[in-house]
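Peer 1: Okay, predicted coordinates and the sequence, questions at the end:
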Amino acid sequence: MRVRVTKQENVSVLSFESGEVLDCYVAADVKAQALRQLEGRSNLVLDLSSLEFVDSAGLGVLVGIYKRVKQRGCRVAVAAVRPYVVRVMKVIKLDQVFESFPDVPEAIAALSRNQAPVVAGKQTRR
């Protein structure tokens, strides 16, 4: 699996390419790729539209990326999360950690305007 980071407006977008599975077999490589490509101080959208399956190691990758970006004082959101991945995230309550949006353009718009975060489907106060 490959990771690609692009910049749209003032928001970085990390997408997963060439794979639908983020599991223990690819987790270390994916995390290394992602952290290498994430530079500077920028809000981040994780485009999860291509992920069909994620295991605990894959969730660890997402949490590791989240921590790195939050340490820099920036926001992190997930977008276009598929149903299975949503269910897994809810089980371990990551849906209460990550801001979530139905698609990448909406996430970019929210993070670039720096509006109040959306967590677990509800608008929260800053």
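Peer 2: Now that the structure is in, tell me what you want to look at.
Peer 1: show me the contacts for Met89.
Peer 2: Neighbour list for Met89: 59, 78, 81, 95, 98 [criterion: C-beta atoms under 8 Å, 6 or more residues apart in numbering]. In short, each C-beta sits where N, CA and C put it, glycine included.
Peer 1: let's see 6 Å
Peer 2: Taking C-beta atoms under 6 Å, 6 or more residues apart in numbering as the contact definition, Met89 lies against Asp95.
Peer 1: Just the element for Leu46, please.
Peer 2: Secondary structure assigned from DSSP states H and E places Leu46 in strand 43-47.
Peer 1: Need the residues that contact that strand.
Peer 2: For strand 43-47, with C-beta under 6 Å, 6+ apart as the criterion, the contacting residues are 11-15, 69, 74-79, 104, 107-108, 111.
Peer 1: Swap in 8 Å and give it another go.
Peer 2: Under C-beta under 8 Å, 6+ apart, the answer for strand 43-47 is 10-16, 38, 62, 65, 69, 74-80, 98, 101, 104, 107-108, 111-112, 114.
Peer 1: ok, the following helix or strand past it: who's next to it in the sheet?
Peer 2: Stepping forward along the backbone from strand 43-47, the first helix or strand reached (DSSP H and E) is strand 53-54. Pairing partners of strand 53-54, with direction, according to DSSP bridges: strand 21-22 (parallel).
Peer 1: Following the chain past the partner strand, name the next helix or strand.
Peer 2: Using DSSP H and E, the helix or strand that follows strand 21-22 in sequence is helix 27-37.
Peer 1: sorry, back to before: out of the contacts of strand 43-47, which end up buried?
Peer 2: For the contacts of strand 43-47, a neighbour count by 16 or more other C-beta atoms under 10 Å gives the buried set as 11-16, 38, 62, 65, 69, 74-80, 98, 101, 104, 107-108, 111.
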